[in-house]
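Asks: Would you be able to build a 3D model of this:
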Amino acid sequence: MCDGAIASNTPVRVAAARGARRLVVLPTGSACRLQSRPHGAIATALHAITLLTTRQLAAELNELDASAECHILPAEDSLGSPFDFSHTPDLVERSYRRTLQWLDNGGLHRRLSLPLHRSLRQGDR
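Replies: Residues are numbered from 1 along each chain as shown. Below you'll find the predicted structure:
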């Protein structure tokens, strides 16, 4: 399931309510790790939306029934500008390699530790 809505970017609660017992979540970004504050109104608004969606995902994961198996794949740390898509092929390749490494290191065999902290724990650490 994928939902691009601001209210629930990753509808974990909906997936679980519809019977999903194993959830594998790939966060779309991690603005919580910015090197510097966003500059300008649009960049600030986009950062705020990312923080809200991250908080919503953490809240939904924390509310999951204990019987649901949940894994969070490691997200890319440095996404750059949300307006610059010139790095997309590189981001896809790095994410692919990171996911293979996560799988090789037993990512699907480790359960997510709940509750989550302020920033999502990356790669089920």
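
Asks: Name the residue closest to the centre of this structure, please.
Replies: Residue closest to the mean C-alpha point of the chain, counted by C-alpha atoms, centre = their mean, is P27 at 1.9 Å.

Asks: Quick check: closest non-adjacent residue to that one.
Replies: Here the nearest residue to P27 in space, its sequence neighbours aside, is A75; by C-beta to C-beta, 6 or more residues apart in numbering that works out to 3.9 Å. Just so you know, the C-beta spots here come from the backbone N, C-alpha and C atoms, and that holds for glycine as well.

Asks: Tell me the spacing between the one you found and L26.
Replies: 7 Å (C-beta to C-beta, to the nearest Å).

Asks: Comparing those two, which shows the higher neighbour count?
Replies: Set A75 next to L26 and count neighbours by other C-beta atoms under 10 Å: A75 wins out with 19 against 14.

Asks: So which bits of stretch 96-111 are buried?
Replies: R98, T99, W102, G107 (16 or more other C-beta atoms under 10 Å).

Asks: Over to stretch 56-63?
Replies: Of the residues in stretch 56-63, those buried (16+ other C-beta under 10 Å) are Q56, L57, A58, E60, L61.

Asks: Same list, the residues you listed, but as CSV with pLDDT please.
Replies: CSV is the format used below for those (pLDDT from 0 to 100):
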residue, pLDDT
Q56, 82
L57, 82
A58, 83
E60, 85
L61, 84
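
Asks: hang on, the earlier thing: work out for me the element the residue nearest to P27 sits within.
Replies: Using DSSP states H and E, A75 is not contained in any helix or strand.

Asks: Which pLDDT value goes with it?
Replies: pLDDT for A75: 73.

Asks: Also I49?
Replies: 79.
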